[in-house]
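S.K.: Sharing a sequence plus its predicted fold:
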Amino acid sequence: MGNISCSGVCFGHNSTWSSCLEQRRPYHDLQNSTGMSKSPLIWEIDSKKIVQIIYGFKVFSSLLDAGADEAMKNLLPDYVKGDLSALCIWPDQIRILYKYRWTSPLHYINIPDNKCSFVYSRDCHDSNGVQGMCVAGAIMNFTSQLLHYEEGTDDPPHNMTEALLFLSHFVGDIHQPMYVGFAGDEGGNAIALRWFRHKSNLYHVWDKEIIVTALKDYYEDNLELLLKDIARNYTDGIWSDDVPSWSHCEDLYNCVNRWAKESKQIACKWGYKGVESGMTLADKTIQLCHIYTQSLLNSHLQELNCTDSPQL
């Protein structure tokens, strides 16, 4: 299959876009190119979704070394004052615009039904079969674009700011299990159910409900307290021994494939297991609480009584 150009970005069978020239715009003109307001307070998007994404970006930014942190701040618009989390939802906002509709399939991977594995050649494509058009391919290709930053040219071949925002967002997407869900149910979107007292679907439960419920019940909606607990997990807590491995990736293809496989396995083991359309997930509270506690909360919160159902 030959290369296919999408809004100035090239997709090919070898999952590299380095041979293509993206549209050249001023790096710091994001609000003009997307219609985005400078103020996050008036962005028209679910505030709970903002909470869910921002915590990840703040943690990510805190792990950068000095050189990477400087490069990131150089690429961000001045009005965000070096805060990557201020633009963390940009890729979700612009995908509804005609100019950026081609980016929609870059947020997820559709796995054949009942397959609890990820095979890049089989699974990483859009509905038209274009290879590389999935979140795994996007991570590799935007990483390739950002490598041009080191060249230090005044006229780089790609929009580095957009590449940064896409890459950081998609690394978050690939770690959400239902973004590597089954094609038949659209990653859980087609599995309607109730999350305790209100209607939802399996995708939204994993995309925001678990985090928002825990934020309310365990932190009184104080995001900063949640962030501090997460930070303690990787400074001297349950993740501290893993942090060095997060900073190194000898082979990007293998790393991205491993992330997708891990998310698919979690989706099969925890996301889909025992779930049927129309059910209420209150009977899975114990499982979900333990998963969340182990993954996000500090060790002192592991003594919480997970049999108590959160009240929404």
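M.R.: Arrived safely. For clarity, every value in this text was computed on a predicted model and none was experimentally measured.
S.K.: Next, residue 170: secondary structure please.
M.R.: helix (DSSP: H, G, I helix; E, B strand; the rest coil).
S.K.: Check which residues of stretch 106-113 are buried.
M.R.: Judged by neighbour count (16 or more other Cβ atoms under 10 Å), stretch 106-113 contains these buried residues: 106, 107, 108, 109, 110, 111. From N, CA and C alone the C-beta is placed, and that goes for glycine too.
S.K.: cool, and stretch 199-208?
M.R.: 200, 201, 202, 203, 204, 205, 206, 207, 208.
S.K.: Check stretch 212-222 too.
M.R.: Buried residues in stretch 212-222, counted by 16+ other Cβ under 10 Å: 212, 213, 214, 215, 217, 218, 219.
S.K.: Kindly indicate which of those lies nearest residue 162.
M.R.: Using Cβ to Cβ, residue 212 is the member of these that lies nearest residue 162, at 28.5 Å.
S.K.: residue boundaries of the helices in the protein?
M.R.: 30-34, 47-62, 66-75, 90-94, 120-123, 135-146, 160-174, 202-204, 210-219, 223-235, 243-246, 252-266, 285-295 (DSSP state H).
S.K.: Can you add distance to residue 194 and give those helices back as CSV?
M.R.: Below are the helices of the chain laid out as CSV (distance: least, Cβ to Cβ, whole Å):
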stretch, distance to residue 194
helix 30-34, 35
helix 47-62, 17
helix 66-75, 40
helix 90-94, 25
helix 120-123, 30
helix 135-146, 28
helix 160-174, 25
helix 202-204, 11
helix 210-219, 13
helix 223-235, 25
helix 243-246, 36
helix 252-266, 22
helix 285-295, 13
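S.K.: among these, which is nearest residue 82?
M.R.: Per Cβ to Cβ, nearest to residue 82 of the helices of the chain: helix 66-75, 4.1 Å.
S.K.: which secondary structure elements does the closest one contact?
M.R.: Judged by 3 or more Cβ pairs under 8 Å, 6 or more residues apart in numbering; DSSP states H and E, helix 66-75 is in contact with helix 160-174.
S.K.: Name the surrounding residues that touch the helix it packs on.
M.R.: The set of residues external to helix 160-174 that reach it, using Cβ atoms under 8 Å, 6 or more residues apart in numbering, is 22, 27-28, 30, 53, 56-57, 60, 72, 75-77, 84, 87-92, 103, 106-109, 135-136, 138-139, 142-143, 145-146, 148-149, 179-180, 256, 259-260, 263.
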